[in-house]
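K.L.:
When you get a sec, could you give me coordinates for this:
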Amino acid sequence: MTSTYQHTKNKSYFEIAREPASLSHSDFLHKYYSTETPVIIENVGKDWPAMGSWSESYIREKLAQYSTAKAASLWYWMEKGSLDEDYETPEIINKFIESDDVFPRNELMRIWAHPQGNISSWHYDANMVNVFNVQMTGKKEWLLVSPQTPLKCYPFTSFAIMDGNDEKIFRDKCYTHVILNQGDMLYIPPLWFHKVISLDKENLNLNWIFTKKKTDVVSKTLRRELDRYALQTYLANHRYHWVKQTFANINQRIPGYLRWKWRYPEMIQTKVNPKSFALLRLCTNEISALGSMLLNVNKIKPYINSIRSIKKL
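P.N.:
Modelled structure (predicted):
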């Protein structure tokens, strides 16, 4: 099924595309990857052994045997090849991670383990990653908002300000909504805002993530993200040591999913030309979000308290 989404500034609901597991790499590249359009590829993992054997306890026991695997705040990291007797890396993904068109990284796979009712609040992923998310156990509800119609974020973060009203959020947005079932894979393009709700008793997801070296898609969120990383570079290399050290200390003390750092030695290539006043523009725009943040500050602590961290390996 062809998606009704187009990279315009349309502000309305669109039906996400669904493709069969036989979708070729070239078709995926042309229709979804190059245009940064979300899609569900159905029954990707239908025949994987993991579909009948994975549980959170099984994952912890198996990953503990890999010296390269580790627990982050909300997920488990693992390198390519870990637990590969349980699944098969889709050809669509394999051709990307083996190419020179993406930034190399060791930790490119994540496993999420969530109980029923767990909610990941609105955010977009750092480092402009492409995310390929397979539902291994259970099912999840996904809501996505286009980076062309961004949500207002807490200053200098990729997390949207929580006001408890999704209906209001969607009024002026280009968005979609989907239930991801066991065996299906969701492609989440760079900078797409998403909120995720776990629906079954146990919900396990396998992710592949990577960042491409070049994008032809320009959005409001891309411009903000480029400004954010320009400010990060400025602070990390400031001529005054105390500024550099303060920035480093803050970044080290916050949870990994909030850490503010471009992880690659060079920036992604885009059509966006850097502006000399980018940092001033960024700071002005971020400060403008303080009013909304303060108005809804009472919603932060209850959400943080509801977050379930994963168990250590």
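
K.L.:
Residue 150 versus the residue nearest the centre of the chain, what's the distance?
P.N.:
Most central residue of the chain, judged by C-alpha distance to the mean C-alpha position with CA atoms, centre = their mean, is residue 125 at 3.3 Å. In this structure, residue 125 and residue 150 are separated by 14 Å, where distance is defined by CB to CB, to the nearest Å. Any C-beta I mention is one placed from the backbone N, CA and C, and that applies to glycine too.

K.L.:
before we move on, back to that, what does the residue nearest to the centre of the chain show for phi and psi?
P.N.:
Main-chain dihedrals, residue 125, degrees, to the nearest 10: phi -80, psi 140.

K.L.:
Pairing partners for the helix or strand containing residue 187, with directions?
P.N.:
Secondary structure assignment for residue 187, by DSSP states H and E: strand 185-188. When pairs are called by DSSP bridges, strand 185-188 turns out to pair with strand 39-41 (antiparallel), strand 130-137 (antiparallel).

K.L.:
Select, out of those strands, the one closest to residue 59.
P.N.:
strand 130-137 (9.2 Å; CB to CB).

K.L.:
buried residues in the helix or strand following the closest one?
P.N.:
Counting by DSSP H and E, the element after strand 130-137 in chain order, helix or strand, is strand 140-145. Buried residues in strand 140-145, defined by neighbour count with 16 or more other CB atoms under 10 Å: 140, 142-145.

K.L.:
And strand 140-145, what does it pack against?
P.N.:
Based on contacts counted as 3 or more CB pairs under 8 Å, 6 or more residues apart in numbering; DSSP states H and E, the elements that strand 140-145 packs against are strand 175-180, strand 193-198.

K.L.:
Out of the ones you listed, which is the most enclosed?
P.N.:
Most buried of these by mean neighbour count (mean count of other CB atoms under 10 Å) is strand 193-198; its value is a mean of 21.

K.L.:
quick one: average pLDDT of it?
P.N.:
When pLDDT is averaged over strand 193-198, the result is 96.

K.L.:
Tell me the neighbouring strands of it, and mark each as parallel or antiparallel.
P.N.:
Using DSSP bridges, the strands paired with strand 193-198 in its sheet are strand 119-123 (antiparallel), strand 140-145 (antiparallel).

K.L.:
how about these in JSON lines, adding distance to residue 199 and mean pLDDT?
P.N.:
Compiled in JSON lines, the strands paired with strand 193-198 are given as follows (distance: least, CB to CB, whole Å; pLDDT from 0 to 100):
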{"stretch": "strand 119-123", "distance to residue 199": "11", "mean pLDDT": "94"}
{"stretch": "strand 140-145", "distance to residue 199": "6", "mean pLDDT": "97"}
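
K.L.:
This completes my enquiry, with thanks.
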